[in-house]
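Visitor: here's a sequence, model it:
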Amino acid sequence: MRGKDVRLEGVAITYPNGFTAVQPTDLRIEAGEFFSILGPSGCGKTTILRAVSGFVEPSAGRILIGDEDQRGKGPNARPTALIFQNLALFPLMPVWENVAFGLEARGLSRRARRDKAQELLELVALPEQADKKPGELSGGQRQRVAIARALAVEPAVLLLDEPLSALDLKLRQHMRAELRAIQQKTGVTFIYITHDQGEALTMSDRVAVMNKGVIEQVGSTDDIYSAPHSAFVASFVGEVNQFAGRIVESFGAMAQIETAHGRLLGRNPARLAKGTAAILFVRPEQVGFGARFNNCFDARLLRRDLEGAFVNYQIETSTGAHLSLHQTNTGAVPVTVGEPCHVGFDSGAGLLLPEGPVARTGAEVAAQ
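Guide: Residues are numbered from 1 along each chain as shown. Reported below is the predicted structural model:
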């Protein structure tokens, strides 16, 4: 199997009722890439997936797979396979027949279909489950059967629409690694739709973050998390503390923002000018206890939540704002719940971005 690249050129999708699900979009997904489209429900990500697979025709623009224009081609004529959330396995068929289902139309004999199914079950680490019914398998095993069935038709592009959403947390985490390993073994281009940032960051080569029909940023997982381009991306991908205000001093790559907590210093990659409405973002793992930081607050510890290897702290500053602080669990208890403390972060940990829509309030959006 070999993957092909996928290109969207000016693709827009408007439904007959006038609602535009996808604004004009240009996007290139490389051959053999694990590419995730990440965004909240209703942002248009599944609509893009359905357009690539042929279930939705773009209102404008075109979709190319391996340089071939897909206009006018239905799902069966495209080099794609789609895995839905509900998997849609046939409960009365044994596993191997589920896997080989799409091969009968190609004229393969029963023996050839069985051999191909066994080969794919080996690939997804289920060689001994061939004669079982889907109902006899675990949730994770059924996921792998669905993947094997999709791969049986040798697609160049495998489309996955939140396939792990029904699984419990530990199984989801296990299946992330399984999916990534299968993609690397096959070389097929994976396009993965999810609203779960952990899934996207764990598995993907690159991620597109989408909001209200617009792709706001495309980049590596490190770029998306550490160097977001907009307030929405910064607030949607991972937990973050937020401080709203106006730039009062700009020093090129750094700037100072006036907030309800006083003046805070942070990185200014957009070179925001004095007087610009902005938000300073800082990740909870970059906030610490003590008065040694460039940006420091008098505070009180509200809550300490132990999560095994990590500890999450909820802090209330003297202005009444709530902050999140994450630390590795060393066994030490730096502050007792209810006690006063100092918390802060270095200026290099703070990121200033223009004021704009945020995905959620996060630990704190301070009033201007």
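Visitor: how about the strands in the stretch 201-350 of the chain?
Guide: Under the criterion DSSP state E, counting those that start in this stretch, the stretch 201-350 of the chain contains strands at 206-211, 214-220, 241-251, 254-259, 262-267, 277-282, 288-289, 295-307, 310-317, 322-328, 340-345.
Visitor: now the last one, how far from the centre of its chain.
Guide: In other words, strand 340-345. 31 Å (Cα atoms, centre = their mean, to the nearest Å).
Visitor: the most centrally placed residue in the chain: what secondary structure?
Guide: When Cα atoms, centre = their mean is applied to the chain, the residue found nearest the centroid is Ala200 (3.2 Å). With DSSP: H, G, I helix; E, B strand; the rest coil as the basis, Ala200 sits in helix.
Visitor: any regions of the stretch 1-150 of the chain where pLDDT drops low?
Guide: 1 (pLDDT under 70).
Visitor: helices of that one, start to end?
Guide: 45-53, 95-100, 110-123, 139-152 (DSSP state H, counting those that start in this stretch).
Visitor: can you pull the buried residues of the last one?
Guide: Just to be clear, that refers to helix 139-152. Using 16 or more other Cβ atoms under 10 Å as the test for burial, helix 139-152 gives 140-152. The way it works is simple: take the backbone N, C-alpha and C, and place the C-beta from them, glycine included.
Visitor: before we move on, what about stretch 213-231?
Guide: 213, 215-219, 221, 224-225, 228-231.
Visitor: what's the span of it, first residue to last?
Guide: For stretch 213-231, the separation between the terminal residues is 16 Å (Cα to Cα, to the nearest Å).
Visitor: quick one: that stretch to chain centroid distance?
Guide: Centre to centre, stretch against its chain (Cα atoms, centre = their mean), the figure for stretch 213-231 is 10 Å.
Visitor: now do stretch 203-210
Guide: Stretch 203-210 sits 6 Å away from the centroid of its parent chain (Cα atoms, centre = their mean).
Visitor: output it as PDB - backbone C-alpha positions only.
Guide: Extracted as PDB, the C-alpha positions of stretch 203-210 are listed here (Å, rounded to 0.1, in the frame of the first residue of the first chain):
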ATOM      1  CA  MET A 203      -0.500  10.600  16.800                       C
ATOM      2  CA  SER A 204      -0.100  13.300  14.100                       C
ATOM      3  CA  ASP A 205       2.700  14.400  11.900                       C
ATOM      4  CA  ARG A 206       0.800  17.600  11.400                       C
ATOM      5  CA  VAL A 207      -2.400  19.100  12.700                       C
ATOM      6  CA  ALA A 208      -4.900  21.600  11.300                       C
ATOM      7  CA  VAL A 209      -7.000  23.500  13.900                       C
ATOM      8  CA  MET A 210     -10.400  24.500  12.600                       C
END
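Visitor: distance from the chain centre to the longest helix seen in the chain, please.
Guide: The residue-count maximum for a helix in the chain (DSSP state H) belongs to helix 169-186. Relative to the centre of its chain, helix 169-186 is centred 15 Å away, using Cα atoms, centre = their mean.
Visitor: could you do stretch 191-204 as well?
Guide: For stretch 191-204, the distance to the chain centre is 3 Å (Cα atoms, centre = their mean).
Visitor: still on that earlier bit, the helices of the stretch 1-150 of the chain: which one's closest to Ser318?
Guide: For the helices of the stretch 1-150 of the chain, the distance to Ser318 is smallest for helix 45-53, at 41.2 Å, taking Cβ to Cβ.
Visitor: residues making contact with that closest one?
Guide: Residues outside helix 45-53 that contact it (Cβ atoms under 8 Å, 6 or more residues apart in numbering): 6, 8, 11, 13, 21-22, 25, 37-39, 56-58, 63, 65, 70, 75, 78, 80, 82, 157, 159, 161, 191, 193, 210.
Visitor: generate a PyMOL selection restricted to the buried subset of those residues.
Guide: To isolate the buried ones among the contacts of helix 45-53 in PyMOL, judged by 16+ other Cβ under 10 Å, type:
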select buried, resi 6+8+11+13+21+22+25+37+38+39+56+58+63+65+70+78+80+82+157+159+161+191+193+210
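Visitor: about what we covered before: could you dump the buried residues of helix 139-152 into TSV with distance to Arg283 added?
Guide: Below are these laid out as TSV (distance: Cβ to Cβ, whole Å):
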residue	distance to Arg283
Gly140	31
Gln141	36
Arg142	36
Gln143	31
Arg144	34
Val145	38
Ala146	35
Ile147	33
Ala148	38
Arg149	40
Ala150	36
Leu151	37
Ala152	42
